[in-house]
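Novice: what shape does this take:
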Amino acid sequence: MKASEYKDFKGIRKESLRDNMSDLELLLTDIGDVTTRKLAKEHKPHGLKANKIIAKAGGEIASNTKKEIELKLGKKVINSKNNLNYKYVENKEKIETK
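Specialist: Reported below is the predicted structural model:
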(Lines give C-alpha, C1' and ligand atoms only; values in the text may rest on other atoms or scores of the structure.)
Protein backbone atom coordinates (compact mmCIF):
# COMPACT_ATOMS: atom_id res chain seq x y z
CA MET A 1 0.00 0.00 0.00
CA LYS A 2 1.01 3.58 -0.54
CA ALA A 3 1.36 5.65 2.63
CA SER A 4 -1.86 7.56 1.86
CA GLU A 5 -3.75 4.29 1.33
CA TYR A 6 -2.31 2.88 4.55
CA LYS A 7 -3.43 5.99 6.49
CA ASP A 8 -6.94 5.62 5.05
CA PHE A 9 -6.92 1.92 5.96
CA LYS A 10 -6.00 2.76 9.56
CA GLY A 11 -8.43 5.69 9.66
CA ILE A 12 -5.86 8.32 10.60
CA ARG A 13 -5.68 11.88 9.33
CA LYS A 14 -2.64 13.98 10.19
CA GLU A 15 -0.98 11.67 12.69
CA SER A 16 2.22 9.80 12.02
CA LEU A 17 1.62 6.51 10.25
CA ARG A 18 4.51 4.83 12.08
CA ASP A 19 3.13 5.92 15.46
CA ASN A 20 -0.03 3.98 14.65
CA MET A 21 1.62 0.75 13.49
CA SER A 22 1.94 -2.40 15.57
CA ASP A 23 5.37 -3.77 16.43
CA LEU A 24 5.26 -6.26 13.54
CA GLU A 25 4.10 -3.63 11.06
CA LEU A 26 7.03 -1.41 12.09
CA LEU A 27 9.50 -4.28 11.86
CA LEU A 28 8.34 -5.22 8.38
CA THR A 29 8.64 -1.60 7.25
CA ASP A 30 12.15 -1.46 8.68
CA ILE A 31 13.10 -4.76 7.00
CA GLY A 32 12.09 -3.32 3.63
CA ASP A 33 13.88 -0.02 4.25
CA VAL A 34 17.13 -1.47 5.59
CA THR A 35 17.29 -4.23 2.98
CA THR A 36 16.77 -1.71 0.19
CA ARG A 37 19.57 0.48 1.56
CA LYS A 38 21.96 -2.48 1.85
CA LEU A 39 21.13 -3.64 -1.68
CA ALA A 40 21.69 -0.13 -3.01
CA LYS A 41 25.08 0.10 -1.28
CA GLU A 42 26.10 -3.30 -2.62
CA HIS A 43 24.88 -2.93 -6.22
CA LYS A 44 25.30 0.86 -6.61
CA PRO A 45 22.35 1.39 -8.98
CA HIS A 46 22.48 4.37 -11.37
CA GLY A 47 19.32 6.07 -12.55
CA LEU A 48 15.66 5.78 -11.68
CA LYS A 49 15.08 2.43 -13.42
CA ALA A 50 17.91 0.68 -11.57
CA ASN A 51 16.85 2.20 -8.23
CA LYS A 52 13.27 1.03 -8.78
CA ILE A 53 14.54 -2.51 -9.27
CA ILE A 54 16.49 -2.32 -5.99
CA ALA A 55 13.48 -0.86 -4.14
CA LYS A 56 11.23 -3.60 -5.50
CA ALA A 57 13.70 -6.27 -4.33
CA GLY A 58 13.75 -4.79 -0.80
CA GLY A 59 9.95 -4.69 -0.77
CA GLU A 60 9.73 -8.30 -1.95
CA ILE A 61 11.93 -9.44 0.94
CA ALA A 62 9.66 -7.63 3.42
CA SER A 63 6.59 -9.09 1.69
CA ASN A 64 7.98 -12.63 1.83
CA THR A 65 8.82 -12.14 5.52
CA LYS A 66 5.25 -10.91 6.18
CA LYS A 67 3.76 -13.93 4.42
CA GLU A 68 5.91 -16.33 6.44
CA ILE A 69 4.97 -14.65 9.73
CA GLU A 70 1.27 -14.75 8.78
CA LEU A 71 1.57 -18.43 7.90
CA LYS A 72 3.06 -19.24 11.31
CA LEU A 73 0.65 -16.98 13.25
CA GLY A 74 -2.41 -18.06 11.31
CA LYS A 75 -3.63 -14.45 10.98
CA LYS A 76 -2.89 -11.21 9.15
CA VAL A 77 -0.10 -8.96 10.40
CA ILE A 78 -1.44 -5.76 8.82
CA ASN A 79 -4.62 -4.52 10.46
CA SER A 80 -6.69 -1.35 10.65
CA LYS A 81 -6.23 -1.02 14.43
CA ASN A 82 -4.48 2.15 15.61
CA ASN A 83 -1.69 1.50 18.05
CA LEU A 84 -2.42 4.74 19.95
CA ASN A 85 -6.13 3.96 20.61
CA TYR A 86 -7.60 7.43 20.27
CA LYS A 87 -10.86 8.77 18.86
CA TYR A 88 -11.52 11.89 16.83
CA VAL A 89 -13.71 14.61 18.24
CA GLU A 90 -15.72 16.25 15.51
CA ASN A 91 -16.23 20.02 15.54
CA LYS A 92 -20.03 19.78 15.43
CA GLU A 93 -20.55 21.65 18.67
CA LYS A 94 -18.95 24.92 19.73
CA ILE A 95 -16.85 24.76 22.83
CA GLU A 96 -17.81 27.42 25.31
CA THR A 97 -15.01 29.43 26.84
CA LYS A 98 -15.18 31.65 29.90
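Novice: how many other residues sit next to residue 36?
Specialist: Residues lying near residue 36 (other CB atoms under 10 Å) number 19. Bear in mind the C-beta positions are built from the backbone N, C-alpha and C, glycine included.
Novice: so for the residue nearest the centre of the chain, what's the pLDDT?
Specialist: The geometric centre of the chain, computed from its C-alpha atoms, lies nearest to residue 29 (CA atoms, centre = their mean), at 5.4 Å. On the pLDDT scale, residue 29 is placed at 93.
Novice: can you name the residues that contact it?
Specialist: By CB atoms under 8 Å, 6 or more residues apart in numbering, residue 29 lies in contact with 18, 21, 62.
Novice: give the ChimeraX command for selecting the buried subset of the residues you listed.
Specialist: Listed next is the ChimeraX selection for buried residues among these, using 16 or more other CB atoms under 10 Å:
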select :21,62
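Novice: tell me the one of the contacts of residue 29 nearest residue 71?
Specialist: Taking CB to CB as the measure, residue 71 sits nearest to residue 62 out of those, at 15.0 Å.
Novice: hmm, residue 28 and that closest one touching each other?
Specialist: Yes: look at residue 62 against residue 28 with CB atoms under 8 Å: they come within range, at 5.1 Å.
Novice: residue ranges with poor pLDDT in the protein?
Specialist: The chain contains residues with pLDDT under 70 at 85-98.
Novice: give the buried residues for the helix ranked longest in it.
Specialist: Scanning the chain for the helix with the most residues, using DSSP state H, yields helix 47-73. For helix 47-73, the neighbour count (16+ other CB under 10 Å) marks 54, 55, 58, 61, 62, 65, 66 as buried.
Novice: could I get the residues you listed as a markdown table with distance to residue 37?
Specialist: Listed next are these as a markdown table, based on distance: CB to CB, whole Å:
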| residue | distance to residue 37 |
| --- | --- |
| 54 | 9 |
| 55 | 10 |
| 58 | 8 |
| 61 | 12 |
| 62 | 13 |
| 65 | 16 |
| 66 | 19 |
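Novice: how far away is the closest residue in space to residue 9 that isn't next to it in sequence from residue 25?
Specialist: Distances taken as CB to CB, 6 or more residues apart in numbering put residue 80 closest to residue 9, at 5.6 Å, once the chain neighbours are dropped. Plainly put, residue 80 is 11 Å away from residue 25 if you go by CB to CB, to the nearest Å.
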